[in-house]
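In: Predicted model follows, preceded by the sequence.
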Amino acid sequence: MTRADPTGDAAQPFRVSFVCTGNICRSPMAEVVLRAHAERAGLGARLAIESAATGDWHVGEPADQRTIDALDRAGYDGRHHRARQFDAVDFPRLDLVVAFDRGQARILRNWAGAPAEQEKVRLLLEFEPESAALQDVPDPYYSDDAMFDRVLEMIERSTSALFRQLAPALRQGIR
């Protein structure tokens, strides 16, 4: 992973954006989980984490109640989230843009335009070798609480793997 700011300014955090379809289910889960990892490790200031949507239909809304409930059952707080739409002008300031399925990744790469920005787009499951072959994290929106819990478990495993990859560089101040 390369830095958006190749000068490696130590004052600048590594910037990650999780992007799903509506920014009310999967991406808020990943944002909350990665932030919890960073804060527990004392690296919260070195990692800027956000989430967004490819679509605009939920902008300004809180996370889906089933998302909030699944996060709560797992010990996380997702109550403060508000959905927003990803804006392609954000690419230059981001170091990593994480999509949850191949459709979202394709949309984001099309919005990116420049090859360096396209390379920032990764699928979440790529970070967890045992799940990488699945490629897509299913959208639980049209499902039940049990599916929200299963999706959160997938997100926790992959986000933990992502954090394990980022943490050594963050601890050393390498940007």
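Out: Structure's in. What do you need? Numbering: from 1, shown residues only.
In: what sits against residue 137?
Out: Applying CB atoms under 8 Å, 6 or more residues apart in numbering, one finds that residue 137 lies in contact with 26, 100, 101, 124, 125, 151, 154, 155, 158. Heads up, the C-betas are built off the backbone N, CA and C, glycines and all.
In: filter those to the buried ones?
Out: Neighbour counting with 16 or more other CB atoms under 10 Å marks 26, 100, 101, 124, 125, 151, 154, 155, 158 as buried within the contacts of residue 137.
In: in this protein, which spans are helices?
Out: 26-40, 65-73, 102-112, 115-118, 145-172 (DSSP state H).
In: name the helices or strands packed onto the first one?
Out: Contact analysis of helix 26-40 by 3 or more CB pairs under 8 Å, 6 or more residues apart in numbering; DSSP states H and E lists strand 14-20, strand 47-53, helix 65-73, helix 145-172 as its packing neighbours.
In: So what's the residue count around residue 56?
Out: 13 (other CB atoms under 10 Å).
In: How about the backbone phi and psi for it?
Out: Backbone torsions of residue 56, given as degrees, to the nearest 10, read phi -110, psi 0.
In: one step back: okay if I get the helices and strands packed on helix 26-40 as JSON lines plus mean pLDDT?
Out: Shown next, in JSON lines, are these (pLDDT from 0 to 100):
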{"stretch": "strand 14-20", "mean pLDDT": "98"}
{"stretch": "strand 47-53", "mean pLDDT": "98"}
{"stretch": "helix 65-73", "mean pLDDT": "98"}
{"stretch": "helix 145-172", "mean pLDDT": "96"}
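In: so which of those is the most packed in?
Out: The highest average neighbour count among the helices and strands packed on helix 26-40, using mean count of other CB atoms under 10 Å, belongs to strand 14-20 at a mean of 25.
In: sorry, back to before: go through the helices of the chain and name the closest to residue 82.
Out: helix 26-40 (9.3 Å; CB to CB).
In: In the closest one, which residues are buried?
Out: 26-38.
In: now the helices of the chain in TSV, with distance to residue 20?
Out: Shown next, in TSV, are the helices of the chain (distance: least, CB to CB, whole Å):
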stretch	distance to residue 20
helix 26-40	4
helix 65-73	11
helix 102-112	6
helix 115-118	19
helix 145-172	10
